[in-house]
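*Asks:* Need coordinates for the below:
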Amino acid sequence: MPLEEVPYGTKIHRPVISTKVKKKGDSLFQLVARMCADGSKQEQGIDFEYSYSPTAGAAAVRALLAIAASYSWLLSAMDVTNCFQSTIIPEEELLTIHAPPNYLQWFKNKYPTVKIPASKSDKYVLRILNGIQGDKSIGRKWYLLLKKLLENFGFKCCPTEPSVFVYEQDDVYFILNTSTDDFLCAHSTQQIYDDLCEYFKKFFSMTFETKVNKFKYLNLRIISTEHGVSYDQTEHIEHKIIKKYFPDWKIADSGLKAVHTPFRNGGSFASILGDIMHVWVWSRLDIGYATTRLSQYTHAPNAAAFAGLYRILRYLATHPHRPIFYPRRPLTDVHELRFEYDAPTFESITLPNGLLEMVDSDHARDNATRRSCHCVLALLCGVAIHWKMQQQKCIAIHSTDSKIRGAFAATKEGQNLQNMFMFLPVPNATCRPLPIYCDSQPAIDSINANTVTSRVKHIAIPIMFMHEHVKDGTISLHKINTKLNLADSGTKPNSAPVHFDHFDRAIGVRFYPPANSEHYNLLNLDTFK
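*Replies:* Residues are numbered from 1 along each chain as shown. Have a look, this model is predicted:
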């Protein structure tokens, strides 16, 4: 419409042409241009109320894969084409933007029979009938539309993880994990998945993964066979991190050798660390301790911080392929965790296949602030589904103090996981009470006791909080040897043998498929280091 016909007081947004290059092969590229709106003029409380849109968390994705492996469910993925443009917007919330350059000429050539009113100023605006990128609230509007459609189909939204939807009817189960327009599905039958696909096709265009045993979700490569379910970010690490910052580096038998100066492509300390933290959160818990320590220098990185960043990138370049593997084992069974000393001596512990946590704290690990670090590791079928490594907020007076604070963090993380698993249609996934394994007997005794001594009086609230949950049967604390505590390497720089031993067990290396099997070949385990 002409600019003069726009009602008084209407906000007119600036158009933005977003370009993208998509690689379609080794030497074939596709240039894509999309018109977006500049939503910088939108104000919360005036133009929109909420902009939050739930997306899939790493723990929810890993839990879905572990459950699918244990119950032998089918895995698949689907993607909505132009999800924001498929979002229906109320008339009073429609956006108005200036017509981009040459748009009017393109429109006349495209629709020659449509008459356009003349404009005195020769300026035109566009009324966007559906959603458009750039609208600050479009993500939430899309989520609410998707939620309504799924609920009409029969799904229920998880209250503690709003990106997870569950369908349960008779003996048919379906878990749907949403990340904007990308969906990861775990379903007990193929028919329910086909029904959902036909249902979605009524409302918007969809693309579906045709490969049953190997597909991509976000930047994860997921493989499902009779041996189990695995996922990795090897391709993402090699192409989006290593080649980005070290384009001329080559891996030789003697190690990594640089042809040109490191970080030749530039990038700030924060941006490089952000790329590394992404793979840490999703698949590489083995770089968690180093990454969390380096994050303290984001505001003012020094030469030592850049050297540490260089070491992490070098480690990723030499060990890019470390897939996480979830075996097909029943959740009601148990497994043994063993640490071998000099033969025939060994240390072992029997652990349940259901949800459990391991926690470790290292007292005064930070030499600058003397604050302690703790690591919380949640396992399902003996393989990690959630991890969190961070520096404690307060200075611990003694080691028992830091261990109690670590157990307190594990209790809070465990409650969130328990609430999510209790909503899922898998009754045996979570143990009741939730077992939390710690390598400090004094900390366990202080929590189980019904009194607060002078030694731990300053942390009475966390102790009584955990004691309340122990008394109610929500959690139970158990002693574990440090050699068997897989969270130990998340709090300190252990030696290489101990480091790889802990993290190899955490990602399920001991459950890897046999050599020359289908899963072994699809996973390229010949390149595993």
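
*Asks:* what's near enough to touch residue 190?
*Replies:* residue 74 (CB atoms under 8 Å, 6 or more residues apart in numbering). Just so you know, the C-beta spots here come from the backbone N, C-alpha and C atoms, and that holds for glycine as well.

*Asks:* Oops, could you answer that again for residue 340 instead?
*Replies:* Residue 340 is in contact with residue 346, counting by CB under 8 Å, 6+ apart.

*Asks:* just residue 369 next, same as before
*Replies:* Here residue 369 is in contact with 391, 395 (criterion: CB under 8 Å, 6+ apart).

*Asks:* Residue 434 too?
*Replies:* Residue 434 is in contact with 355-357, 414, 418, 474-476, counting by CB under 8 Å, 6+ apart.

*Asks:* So what sits opposite it in the bridge?
*Replies:* Beta-bridge partners for residue 434, by DSSP bridges, are residue 475.

*Asks:* What is the end-to-end distance of stretch 362-381?
*Replies:* From its first residue to its last, stretch 362-381 covers 26 Å (CA to CA, to the nearest Å).

*Asks:* circling back to that earlier point, farthest pair in the contacts of residue 434?
*Replies:* Greatest spacing in the contacts of residue 434, by CB to CB: 356 and 474 (13.5 Å).

*Asks:* Compare the two and say which is more crowded by neighbours.
*Replies:* Per other CB atoms under 10 Å, whichever of residue 356 and residue 474 has more neighbours is residue 356, with 21 against 16.

*Asks:* just checking, residue 36 touches residue 133?
*Replies:* Yes - with contact defined as CB atoms under 8 Å, residue 36 reaches residue 133; the gap is 4.1 Å.

*Asks:* For the two, list the residues in contact with both.
*Replies:* Shared contacts of residue 36 and residue 133, counting by CB under 8 Å, 6+ apart, come down to residue 18.

*Asks:* Which helix or which strand is home to the residue lying closest to residue 76 once chain neighbours are set aside?
*Replies:* Leaving out its chain neighbours, the residue that sits closest to residue 76 by CB to CB, 6 or more residues apart in numbering is residue 185, at 4.8 Å. Following DSSP states H and E, one finds residue 185 within strand 182-187.

*Asks:* ok, and for the helix or strand following that strand, which residues are buried?
*Replies:* The element immediately downstream of strand 182-187 (helix or strand, assigned by DSSP H and E) is helix 190-201. For helix 190-201, a neighbour-count test (16 or more other CB atoms under 10 Å) marks 192-193, 195-196, 200 as buried.

*Asks:* picking up where we left off before, wait, which of the contacts of residue 434 is closest to residue 490?
*Replies:* Nearest to residue 490 out of the contacts of residue 434 is residue 357 (CB to CB; 12.4 Å).

*Asks:* Need the contacts of residue 434 in JSON lines (columns: distance to residue 173 and pLDDT).
*Replies:* Below are these laid out as JSON lines (distance: CB to CB, whole Å; pLDDT from 0 to 100):
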{"residue": "355", "distance to residue 173": "18", "pLDDT": "93"}
{"residue": "356", "distance to residue 173": "23", "pLDDT": "94"}
{"residue": "357", "distance to residue 173": "25", "pLDDT": "96"}
{"residue": "414", "distance to residue 173": "24", "pLDDT": "94"}
{"residue": "418", "distance to residue 173": "19", "pLDDT": "92"}
{"residue": "474", "distance to residue 173": "26", "pLDDT": "92"}
{"residue": "475", "distance to residue 173": "27", "pLDDT": "94"}
{"residue": "476", "distance to residue 173": "29", "pLDDT": "95"}
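
*Asks:* If any of the residues you listed are buried, give me the PyMOL selection for them.
*Replies:* Burial among these is assessed by 16+ other CB under 10 Å; the matching PyMOL selection reads:
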select buried, resi 355+356+357+414+418+474+475+476
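
*Asks:* Where does the closest residue to residue 204 other than its chain neighbours fall, secondary structure wise?
*Replies:* Among residues not flanking residue 204 along the chain, residue 86 sits closest, at 3.9 Å (CB to CB, 6+ apart). Per DSSP H and E: residue 86 is located in neither a helix nor a strand.

*Asks:* Give me the buried stretch members for stretch 382-399, please.
*Replies:* Using 16+ other CB under 10 Å as the test for burial, stretch 382-399 gives 382-392, 396, 399.

*Asks:* before we move on, what about stretch 509-519?
*Replies:* Going by 16+ other CB under 10 Å, stretch 509-519 has these buried residues: 509, 511-513, 519.

*Asks:* Format those as TSV; extra columns: pLDDT, distance to residue 110 and secondary structure.
*Replies:* Shown next, in TSV, are those (pLDDT from 0 to 100; distance: CB to CB, whole Å; DSSP: H, G, I helix; E, B strand; the rest coil):
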residue	pLDDT	distance to residue 110	secondary structure
509	94	57	helix
511	94	57	helix
512	94	55	coil
513	93	54	coil
519	92	50	helix
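
*Asks:* Would you quantify the distance from the most centrally placed residue in the chain to residue 219?
*Replies:* Geometric centre of the chain, nearest residue: residue 58, 2.4 Å, by CA atoms, centre = their mean. Distance from residue 58 to residue 219, counting by CB to CB, to the nearest Å: 12 Å.

*Asks:* Okay, strands next: where are they in the stretch 51-200 of the chain?
*Replies:* For the stretch 51-200 of the chain, applying DSSP state E, counting those that start in this stretch gives strands covering 74-80, 96-98, 125-127, 156-157, 164-169, 172-179, 182-187.

*Asks:* Residues touching the third one, excluding its own?
*Replies:* In this structure, residues lying in contact with strand 125-127 by CB under 8 Å, 6+ apart are 1-3, 6, 12, 15, 94-99, 103.

*Asks:* low pLDDT regions in the chain?
*Replies:* For the chain, the stretches with pLDDT under 70 are 23-26, 210-212, 248-267, 528-529.

*Asks:* Report back the residue of it that's furthest from centre.
*Replies:* Farthest-out residue of the chain from its mean C-alpha position, per CA atoms, centre = their mean: residue 120, at 52.9 Å.

*Asks:* Isn't it up against residue 5?
*Replies:* No - using CB under 8 Å, residue 120 is not in contact with residue 5, being 10.4 Å away.

*Asks:* and for the two, which residues touch both?
*Replies:* Contact criterion CB under 8 Å, 6+ apart; no residue bridges residue 120 and residue 5 by contacting each.

*Asks:* how much space between residue 448 and residue 48?
*Replies:* 50 Å.

*Asks:* which residues of the stretch 151-300 of the chain fall in helices?
*Replies:* 190-201, 234-236, 243-245, 269-282, 288-294 (DSSP state H, counting those that start in this stretch).

*Asks:* I'd like those helices as TSV, with distance to residue 113 appended.
*Replies:* Below are the helices of the stretch 151-300 of the chain laid out as TSV (distance: least, CB to CB, whole Å):
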stretch	distance to residue 113
helix 190-201	31
helix 234-236	48
helix 243-245	49
helix 269-282	50
helix 288-294	59
